[in-house]
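Asks: what shape does this take:
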Amino acid sequence: MLCSPLLLPILLTPLAASAQGVSEELQRVKFSISRVPQGFDPVRNTELIDASLQLQLLECLVEYDYLAGDETVKGQLAESWTVSEDGLEWHFRLRKDARFHDPFDPPLWPSRSRPVTAHDVLYSWLRQADARWESGGFWAMDGILLGIEQYREATAALDPRQAADAMAMALREGIDGIQVLDEHQLLLRLKHPDPHFLNRLAMSYFMVYPHEAVTKDQRSMRDQPVGSGPFAVKEWLPGQSLLLQRTPQWRLERSPFDDGAKLPYLDQVEFHVVRDRATSAEIFRRGEVARLGVNTTGRNVFMQDGLQLKDEYLQAGLQLFDQPAADLTMLCFGMEDPIIGDLPGEEEGNRRRRLLRRALALAFPYDLWNEVFRATDFAIQARSFLPPMVPEAAIAPANPWNRKDLKLAKRLLAEAGYPEGDGLGEIEFVLSGKQQFVVNLGIAYRQNLAEIGVDLKVVPMTYEEQLQRSRNADAQIVMRTWTLNWPDGALMLQNFHGPQVGVINYSAFRDPDFDDLFLLYRQTSAGEQRDRLLLAMLEILDTQVPAVPIDHRRNLLLVQPWLQNFRYHPFQSFFCKYYSVSEH
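Replies: Here you go, the predicted structure:
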């Protein structure tokens, strides 16, 4: 395809001449990313970008099927698997040609490589569950694998020797839910059937890496990751850029496209952190990066009449992908807070605080959020806690509190015992980010609440600071976005499961009835029983109001015409091993 002068590609970089004097070309693609990666250690994942980059280097037992474009998975490190009739035992066979490759000096092994074994799977998953590492990903296996909670308890022992002994024993003998049968066979046992177990195993928390990359002196998975994937780190400048290179002598894996080429196509992949929106749009316009997540700036540059590409960019061959994100942004209330929360044994006080939370929800500036922060086109208002792509979302009733209604908010505030806000005191809204546009949201919320007599203190802080306060149940009101790894309501509702307080349950919501319903719901396949369980849980959430749903983002993505084999996938951002660059 011919390239427009507006889209000059810079991706084909000449290498040194070969021994025969013939010039070769290096297939390289550059991407810009707006979030700063924190590193490559799966137990330290706090951002989606961390998982997205790690999945180019490290592998799981299974991976999403790129061409299917949905929740379908296929084998990655696993060559095959079988499952028992009751869904409780899974027998995996690993492929024998998977190898770890160490690109760093000095290397972990003289040859820089060794085979991947079932013991590596055991080690990686046990480390994820080890309480001493304080992983943010334990929630993904909590309550799933037999014996995993007992193992976590043992590694939480105050005596460090006991904790170390617990892991050493688990590495030798396995745990009930993870048994190494031989070098290439695993037996996994579940506490209950999990209809989406294979999807779970495709999550970044289940990636596999060698223990040497963690335990050897002077090595760190955060900065010097060692995996079995098609790419390895060549250069990483934290906060700035990442350069990946093709893994030498990577195993034979054929492209699913018509050419049947050996994967990966690319020799190098670059990621550059670009926080400024105008800069991101400009370098995409110049053809320096392969794709652009469209925001208001990108829309103004490339689009007209709403979300239609301008003629010049249509003629240049730009591709526009417009898909709903599998996510939810919500407003969360601290349920352990003595002013707005739910406290054990205080029936009357809890009734009043429940009314207060409803009033606070009704005063949120949904109109400003949609018009200014989402620019109207970049999200759809949430009806419930379930994103539209979740099958059960169609039967979920509309949340009664996620709308601006100051008149009703004022009445509920009075019913809560605080007419015109008298006697309530200051409420705190903890914001993630210190940029002025973020602060403006807090100011708008404060203005709305002032109209009904509530004094709001706006506290902007970094994402990491807000995350820590949320996990410590030390925030009265926060906003957070949660993205699904597959279209399952249980993944969203797990944010309100009692055992997840301090992990992903930022509201610190505890309700025994909800917890019982959730455990049944998670193990129940689609059908009338699952629907009834869902409706019962949503009724509890709508009544208790630990949070209110705000909206679901739209993923608008512009892709250069010379990036070949690109497919949009709702559950993984990058599939670099399939990308190639066209001739120019």
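Asks: ok, now which ones touch residue 358?
Replies: Residue 358 is in contact with 401, 409, 412, 545, counting by C-beta atoms under 8 Å, 6 or more residues apart in numbering. Just so you know, the C-beta spots here come from the backbone N, C-alpha and C atoms, and that holds for glycine as well.
Asks: recalculate using a threshold of 6 Å.
Replies: Contacts for residue 358 were tallied using C-beta atoms under 6 Å, 6 or more residues apart in numbering; they are 401, 412, 545.
Asks: got it, and residue 267?
Replies: For residue 267, the contacting residues are 26-27, 246, by C-beta under 6 Å, 6+ apart.
Asks: go through the contacts of residue 358 and give me the one with the most neighbours.
Replies: Among the contacts of residue 358, residue 545 has the most neighbours (other C-beta atoms under 10 Å), with 26 neighbours.
Asks: how close does it sit to residue 423?
Replies: 21 Å (C-beta to C-beta, to the nearest Å).
Asks: again, but for residue 456
Replies: Applying C-beta to C-beta, the value for residue 456 to residue 423 is 16 Å.
Asks: which one's more surrounded, the two?
Replies: Between residue 456 and residue 423, residue 456 has the larger neighbour count (other C-beta under 10 Å), namely 21 against 8.
Asks: model confidence for the more buried one, exactly?
Replies: pLDDT recorded at residue 456 is 97.
Asks: what about residue 249, neighbour count?
Replies: Neighbourhood size, residue 249 [other C-beta under 10 Å]: 10.
Asks: that one is in what secondary structure piece?
Replies: For residue 249, there is no enclosing helix or strand under DSSP states H and E.
Asks: phi, psi of it?
Replies: Residue 249 adopts backbone torsions of phi 50, psi 40, taken as degrees, to the nearest 10.
Asks: distance of it from residue 97?
Replies: 11 Å.
Asks: mind listing what residue 325 touches?
Replies: Applying C-beta under 6 Å, 6+ apart to residue 325 gives the contacts 553, 555.
Asks: what about it, distance to residue 382?
Replies: In terms of C-beta to C-beta, residue 325 sits 12 Å off from residue 382.
Asks: kindly report the same for residue 372.
Replies: Between residue 372 and residue 382 the distance, using C-beta to C-beta, works out to 18 Å.
Asks: out of those two, which sits in the busier spot?
Replies: Legend: neighbour count by other C-beta under 10 Å for residue 372 and residue 382, higher for residue 382 (24 against 15).
Asks: residues near the nearest residue to that one once chain neighbours are set aside, how many?
Replies: For residue 382, ignoring the flanking residues on the chain, the nearest one in space by C-beta to C-beta, 6 or more residues apart in numbering is residue 549 at 3.6 Å. A count of neighbours around residue 549, defined by other C-beta under 10 Å, yields 23.
Asks: state the mean pLDDT of the helix or strand that contains residue 549.
Replies: Assigned by DSSP H and E, residue 549 belongs to strand 547-559. In this model, strand 547-559 carries a mean pLDDT of 94.
Asks: give me the sheet partners of it and which way each runs.
Replies: Using DSSP bridges, the strands paired with strand 547-559 in its sheet are strand 291-293 (antiparallel), strand 319-324 (antiparallel), strand 327-333 (antiparallel), strand 379-381 (antiparallel).
Asks: could you dump that strand to CSV, C-alpha only?
Replies: This file holds the C-alpha atoms of strand 547-559, laid out as CSV (Å, rounded to 0.1, in the frame of the first residue of the first chain):
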residue,chain,number,x,y,z
ALA,A,547,-20.1,1.9,45.3
VAL,A,548,-22.0,3.1,42.3
PRO,A,549,-21.1,2.4,38.6
ILE,A,550,-20.3,5.4,36.5
ASP,A,551,-19.4,4.4,33.0
HIS,A,552,-17.6,2.0,30.6
ARG,A,553,-14.9,3.4,28.3
ARG,A,554,-14.9,3.0,24.5
ASN,A,555,-11.6,1.8,23.0
LEU,A,556,-10.9,4.0,20.0
LEU,A,557,-7.8,2.9,18.2
LEU,A,558,-6.1,4.3,15.1
VAL,A,559,-3.6,1.9,13.3
